[in-house]
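Trainee: requesting a structural model of the entry that follows:
(2 chains)
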Amino acid sequence: MNTDALFLAGINGLYLLSFVLFVLHFFHGGEDWKPWANRFLGLGFLASMAFEAVQVIASGSLLPITALYQALFFFSWCMVLVYLLMSWKLQLDTFGIILLPLILAMSGTSLVCLKQPPAPTYSHNQWFLVHILTAFLAYASFALSFVGALLYLVQNRGLKSKKINTFYHKLPSLESLESVVYRTMVFGFPLLTLALASGFFWTKDVYGVFWRWDPKFVASTLTWLIYLGILYSRYVSLVRGRKAVMASVFAFFCAMLTFLGVNFFESNVHSFLK
Amino acid sequence: MNSLFVIGLNHKFAPVKFREKLAFSKNDLPSVLLHLRNIPVVPESLVLSTCNRVEIYGVAADLKAAREELVRFLCFYHAVEEEALCHSIYFYEEEEAVRHLFRVASGLDSMVVGEHEILGQVKEAYRLASQAGNVKSLLHQFFERALRTAKRTREETEIARGAVSVSSVAVELAEKIFGRISQERILILGTGKVGELTLKRLMKTGTRTVWVASRTMSRAEEMARKYAVLPIPFETWKQYLKDADIVISSTAAPHPIIHYEDVKQVMALRKHKPLFIIDLAVPRDAEEKVNTLDDVYLYNIDDLHTVCQSNIKFREKEVAKCEVLIEKQIEEFLRWLKHLEAAPTIRKLQAHLDTIIEEELRLAAGTRTPKELEELRRVLSRVKGKLLHDPLMKLKEAQDHGGGHHYHEALHTLFDLQKVKLTDEENKIPDREPGKQPGSCSSRESAG
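Mentor: You can find the predicted model right below:
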């Protein structure tokens, strides 16, 4: 096992520990677990940052995201970053039980795919940098929004079916969860817009055109339109409640399909898989 | 040495008929406390009288005599037969009394486990007895620790989580839907008792816009006056459904009045802003199908009762955790009590050595400067401290394991401590174990 794998395994271990503590806090009560869960998550975050820094120095590139494992790992780091940022303003105490498995899925897969060779690198100008950073942060915000939506649906189901269990007691109110779903989307949407715009400019620089009929181009534009639709309908109070939350779940699946799924169909500038 | 005790009866051992006979009203308490203060065998006392329990906590050197005196007092005060009283009362002393109060204050001995009213009642009883001068250092420490323990059980376990009455469950559910209730608007249909109680609880959370509709307009107006809310004609209530967030319905209508189709239309107009319908009426006011609509939450009286039961079960699961916490607190308090027994011997020994030091210093004073004397005093104090350290630690250890009295006797004989007289200041009971931080529950809090 090389150093990278060891490092990644250590980070995964920290996230796993944090997850276990979040679960203990959620199901067994007691305030003692929560600060430790957050501490291990923070430690994992710092370790990831150190890992990224090593990658940057080793590759000599500001964004060493050429292989799938690097993309997934960077995404998991962005998710923790957005979570830590958002938990300053929003009530996210219970989010760990769903967010951590998502983070673990990403960083765990990156450990499994470590051997995969990197894709050819493309010209790294400032558009490329902005494109990658904003796209990953936008998706990370949408991931948090997705977690909020899942918790909303669980709480809603409990209230509808009148089943009083730990989820009912521990989860925040529907109002608060809906607000997290909405506000994380509001945070992510301008980032996605910037990602799209910078992507177009980068294409112009490299290929001389703004638009290419590439599955990723089409998918990300569609995802952007879906989020625009959801935010607009919320803004004009067209629809709220369960349907709006369900729409955000759908939008996140589209975003994930754009982020990872499209690569399975065709390989080109966005491919991490081939 | 004084011991703690409690004498009384509660909902487990005495029927309500007997409890109400023995209860002390708030107005009677000052005179009751005065009576108790005049019983010489009970130097400290406190009365806790609620609808579920009547208890006298106290301190006495002769527990048997204290029990007899208090039984006599209760029989005399309430004009009940001694035999009937003795049949229902309990008398706990020392550790059992400590366990009893700690459990009572934490809500474990309540009819509804974990209810919070009892904590306020214990605080109030403690405040009144302190004011009356019935509480001195030992009972003071006892109640401070009980309140601190109760606070910890509420903070560190989930014993007080979840509402357990119909009206509080309704409020809790509303908070699970709307978050902190402040701007939500309420529509009241019918003027039933439980509905009114629920409204009262909801209004405590800060909500102000309330419409009341009753088939008898005068009753709606009466309720409107009482709570400063708006009465509306009963026929018009459907118009308000669009703007209301919470509907409390308790009409005497024989058939449902809140129909699926109506609510469905209203939800479209509301753009699916959540609607919480609390149907307290029997027969029910809302069609069951209404709950199938997205963002509508319909709870009837049975549903609310089920939630109460679930919450009670949830609390009962937490009892074991509370018991563990309480046992730890009891152990700590008992250790403090035991050290208290050793305290006079320790203080006498220290005073004895201090006297010797002072005498020697006086003799040495003639040939030395004040600076040299001060230095000498410091050296002698250090010697005293070091000399006493090990024997006193051994004494405390022996005290913890129940063998302290041998050491006491030995110390008294060896140093002739009988002759040593302590000042009032030296005789005072320390508030806490040395090295322990002061507690978070102060007596000032008890005013709340």
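Trainee: quick check: domain ranges of chain A?
Mentor: Dividing chain A into domains by automatic domain parsing, as the record does, gives the ranges A:1-121, A:122-274.
Trainee: tell me, please, where in the stretch 201-350 of chain B the pLDDT is lower than the cut-off.
Mentor: Segments of the stretch 201-350 of chain B classed as low confidence (criterion: pLDDT under 70) are not present in this model.
Trainee: all strands of it, in order?
Mentor: B:210-214, B:230-233, B:246-249, B:275-279, B:296-300 (DSSP state E, counting those that start in this stretch).
Trainee: now chain A
Mentor: For chain A, no strands are identified by DSSP state E.
Trainee: tell me the contacts of the residue lying farthest from the centre of it?
Mentor: When each C-alpha in chain A is compared with the mean C-alpha position (C-alpha atoms, centre = their mean), A:K162 comes out farthest, at 32.2 Å. For A:K162, the set of contacting residues under the criterion of C-beta atoms under 8 Å, 6 or more residues apart in numbering or on different chains consists of B:299, B:303, B:306-307. Backbone N, C-alpha and C define where each C-beta goes, glycine included.
Trainee: look up phi and psi at it.
Mentor: Here is the backbone geometry of A:K162 (degrees, to the nearest 10): phi 60, psi 30.
Trainee: look up how far A:Y168 lies from it.
Mentor: From A:K162 across to A:Y168, the span is 9 Å (C-beta to C-beta, to the nearest Å).
Trainee: same deal with A:V112?
Mentor: Relative to A:Y168, A:V112 is positioned 37 Å away (C-beta to C-beta).
Trainee: which of those two has more neighbours?
Mentor: When neighbours are counted by other C-beta atoms under 10 Å in any protein chain shown, A:V112 and A:Y168 differ, and A:Y168 comes out ahead with 21 against 12.
Trainee: which residue sits closest to the more buried one, ignoring its sequence neighbours?
Mentor: Of all residues beyond its chain neighbours, the one nearest A:Y168 is A:G158 (4.7 Å), with distances taken as C-beta to C-beta, 6 or more residues apart in numbering or on different chains.
Trainee: just the pLDDT at the closest residue to chain A within the stretch 101-250 of chain B, thanks.
Mentor: Distances from the stretch 101-250 of chain B to chain A, computed as C-beta to the nearest C-beta, single out B:G179 as the nearest residue at 3.7 Å. In this prediction, B:G179 carries a pLDDT score of 88.
Trainee: same deal with A:F265?
Mentor: A:F265 carries a pLDDT value of 56.
Trainee: and B:R180, how many neighbours?
Mentor: Residues near B:R180, counting by other C-beta under 10 Å, number 12.
Trainee: and if you look at the one 3 residues further on?
Mentor: By the other C-beta under 10 Å criterion, the neighbourhood of B:Q183 contains 11 residues.
Trainee: cool, B:G107 as well?
Mentor: Applying the criterion other C-beta under 10 Å, we find 25 residues in the vicinity of B:G107.
Trainee: surely it touches B:I118?
Mentor: Yes: counting by C-beta atoms under 8 Å, B:G107 touches B:I118, with 5.4 Å between them.
Trainee: so how many other residues sit close to residue 228?
Mentor: Assuming you mean chain A. Per other C-beta under 10 Å, the neighbour tally for A:L228 reads 14.
Trainee: not quite, go with chain B.
Mentor: By the measure other C-beta under 10 Å, the count of residues near B:A228 is 9.
Trainee: that one: what's it in contact with?
Mentor: Listed by C-beta under 8 Å, 6+ apart, B:A228 has no contact partners.
Trainee: may I ask you to confirm that A:L192 is in contact with A:Y227?
Mentor: Yes: A:L192 lies in contact with A:Y227 (C-beta under 8 Å); the separation is 6.5 Å.
Trainee: which neighbours do those two share?
Mentor: Here A:L192 and A:Y227 share the contacting residues A:F142, scored by C-beta under 8 Å, 6+ apart.
Trainee: flag every residue of the stretch 151-274 of chain A that's near chain B.
Mentor: The interface of the stretch 151-274 of chain A toward chain B, taken as C-beta under 8 Å from any C-beta of the partner chain, is made up of A:155, A:159-160, A:162, A:164-165, A:168-169, A:172-176, A:237-244.
Trainee: now, the residues you listed that are in helices?
Mentor: Using DSSP state H, the members of those that fall in helices are A:155, A:159-160, A:168-169, A:174-176, A:241-244.
Trainee: in PyMOL, select just the buried ones from those residues.
Mentor: What follows is the PyMOL syntax for the buried subset of those, where burial is set by 16 or more other C-beta atoms under 10 Å in any protein chain shown:
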select buried, chain A and resi 155+159+160+168+169+174+175+176+241+242+244
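Trainee: taking the ones in helices among the residues of the stretch 151-274 of chain A next to chain B together, which two end up most distant?
Mentor: Using C-beta to C-beta, these reach their maximum pairwise distance at A:H169 and A:K243, which is 26.1 Å.
Trainee: pull out the buried positions in the strand or helix carrying B:V71.
Mentor: Assigned by DSSP states H and E, B:V71 falls within helix B:63-78. The neighbour-count check on helix B:63-78 (16+ other C-beta under 10 Å) flags B:63, B:66-67, B:69-71, B:73-75 as buried.
Trainee: try stretch B:267-286
Mentor: Per 16+ other C-beta under 10 Å, stretch B:267-286 contains these buried residues: B:267, B:270-272, B:274-281, B:284-286.
Trainee: point out where chain A drops to low pLDDT.
Mentor: For chain A, the stretches with pLDDT under 70 are A:1, A:30-31, A:116-124, A:261-274.
Trainee: in it, which residue is most central in space?
Mentor: To find the centre residue of chain A, average its C-alpha atoms and take the closest one (C-alpha atoms, centre = their mean): that gives A:A140, at 2.5 Å.
Trainee: who's in contact with that one?
Mentor: Counting by C-beta under 8 Å, 6+ apart, A:A140 touches A:75, A:78-79, A:81-82, A:188.
Trainee: with adjacent residues omitted, what lies nearest to it?
Mentor: Nearest residue to A:A140, sequence neighbours excluded (C-beta to C-beta, 6+ apart): A:C78, at 3.7 Å.
Trainee: next, the contact list for that neighbour, please.
Mentor: With contact taken as C-beta under 8 Å, 6+ apart, A:C78 is in contact with A:136-137, A:139-140.
Trainee: just give me the closest of these to B:D390.
Mentor: Nearest to B:D390 out of those is A:A140 (C-beta to C-beta; 62.5 Å).
Trainee: and that closest one, how far from A:M256?
Mentor: Distance from A:A140 to A:M256, counting by C-beta to C-beta: 12 Å.
Trainee: for A:L68, same thing?
Mentor: If you go by C-beta to C-beta, the gap between A:L68 and A:M256 works out to 14 Å.
Trainee: before we move on, the earlier item: and the buried residues of stretch B:267-286 near chain A, which?
Mentor: Residues of the buried residues of stretch B:267-286 in contact with chain A (C-beta under 8 Å from any C-beta): B:271-272, B:274.
Trainee: tell me the one of those nearest A:F40?
Mentor: B:P274 (36.0 Å).
Trainee: excluding residues flanking it in the chain, which one is nearest the closest one?
Mentor: Nearest to B:P274 is B:D295, by C-beta to C-beta, 6+ apart, at 4.8 Å.
Trainee: where does the stretch 1-150 of chain A get nearest to chain B, residue-wise?
Mentor: Residue nearest to chain B within the stretch 1-150 of chain A: A:G29 (4.9 Å; C-beta to the nearest C-beta).
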